[in-house]
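here's a sequence, model it:
(one chain, ligands or ions: 2)
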Amino acid sequence: MTQASAETTQTDVTGKSASSSPFSGFRLGKSLVVAIDGPSGSGKSSVSREVARRLRAAYLDTGAMYRAVTLHCIATGVDLHDGAAVEAAARDIELFISTSPDRESVTIAGDDVTAAIREPGVSSSVSAVATTMGARAELIRRQRALIAGAGHRIVAEGRDITTVVAPDAEVRILLTASEEARLRRRGDQLGGTQTDAQLRRQVTERDAKDSAVVNFQQAADGVVTLDSSDLDFEQTVSAVLGIVRTVAH
Ligand SMILES: Nc1ncnc2c1ncn2[C@@H]1O[C@H](COP(=O)(O)OP(=O)(O)OP(=O)(O)O)[C@@H](O)[C@H]1O
Ligand SMILES: Nc1ccn([C@H]2C[C@H](O)[C@@H](COP(=O)(O)O)O2)c(=O)n1
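Ligands and ions are numbered 1, 2, ... in the order given. Coordinates of the predicted model:
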């Protein structure tokens with residue numbers, strides 16, 4: 001069973017905040033779901049986490065859930081090419097993910113796997129889980145429950161949040177960046193330890209596999225595209241907040 005963290009940021013806006021506050025201008029007490037999708041390395045996780053902090057919102061990293069199921073399958077000897085077994089693993093996993101933007105925490109049956117789900121072995125296998133439709137259905141069900149249970153305000157990011165998980169979200173954004181920018185960002189993030197070929201496997205080739213079951217390359221109707229290729233991190237966060245202000249006001 002997936003639970004929302006007890007540490008989820010629930011702080012409400014009192015209405016006494018200064019007008020320069022990043023969350024001023026939103027209708028107080030009104031539900032706000034910000035859905036952000038995009039390809040690997042576009043900045044979804046880092047930008048969404050920071051946007052959630054500034055909005056005093058909860059934050060849901062749905063990719064971490066696919067990663068957790070992948071790790072669970074590897075650890076328990078489930079054949080990742082056996083769709084029925086992967087689906088059963090997704091249904092049975094005792095998965096907890098924190099929805100606090102200030103505390104990254106993922107556990108499986110109480111074991112902390114926050115770091116383990118980022119290991120290269122998981123990254124290179126996760127597409128097998130992401131393309132198993134029965135596993136997707138189960139994780140989508142859990143993600144919807146987490147969003148519904150997170151309180152009045154949440155930023156959720158992944159590949160199908162704007163289209164499948166939360167198509168009715170008040171704000172829906174496709175965060176893109178050129179392939180060159182995404183490869184450069186991932187390379188910098190990994191401290192320059194990866195070859196060009198390794199980076200392409202982790203970014204471009206993974207996106208190609210994942211694209212088989214979900215469209216995160218083109219914006220669906222009503223989804224705002226934000227191209228961050230020529231923006232730095234802070235400019236991208238500001239641009240997302242600007243969209244939230246415009247769309248959700
Ligand atoms: N606009 C930006 N300019 C420069 N660097 C950025 C920008 N946005 C994010 N980054 C950096 O790029 C790296 C990759 O970002 P992040 O992990 O958030 O991408 P992602 O889209 O979530 O990728 P994945 O889906 O593979 O997990 C991080 O080091 C992040 O700080
Ligand atoms: N809503 C989502 C979120 C993630 N995925 C898949 C695609 C990725 O290969 C994998 C890990 O995501 P990441 O941590 O790199 O963002 O999970 C998906 O299909 N749908």
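
does ligand 2 sit close to stretch 202-218?
Yes: Stretch 202-218 reaches ligand 2 (Cβ under 6 Å from any ligand atom) through Arg206, Asp210, Val214. Glycine gets a C-beta too; all of them are placed from N, C-alpha and C.

could you tell me which of those belong to helices?
Under the assignment DSSP state H, the residues of stretch 202-218 next to ligand 2 contribute Arg206, Asp210 to helices.

okay if I get the residues of stretch 202-218 next to ligand 2 as JSON lines plus pLDDT, distance to Gln194 and neighbour count?
Putting the residues of stretch 202-218 next to ligand 2 into JSON lines (pLDDT from 0 to 100; distance: Cβ to Cβ, whole Å; neighbours: other Cβ atoms under 10 Å) gives the following:
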{"residue": "Arg206", "pLDDT": "96", "distance to Gln194": "13", "neighbour count": "19"}
{"residue": "Asp210", "pLDDT": "97", "distance to Gln194": "19", "neighbour count": "20"}
{"residue": "Val214", "pLDDT": "97", "distance to Gln194": "25", "neighbour count": "16"}
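
quick check: bridge partners of Arg172?
Counting by DSSP bridges, Arg172 is bridged to Ala35.

now do the contacts for it.
Contacts for Arg172 (Cβ atoms under 8 Å, 6 or more residues apart in numbering) come out as Ala35, Ile161, Thr162, Ala166, Ala220, Gly222, Val223, Val224.

quick check: Gly77 vs Ala85, distance?
Computed as Cβ to Cβ, to the nearest Å, the Gly77 to Ala85 distance reads 10 Å.

between these two, who's got more neighbours?
Neighbours per residue (other Cβ atoms under 10 Å) separate Gly77 from Ala85, with Ala85 holding more: 18 against 7.
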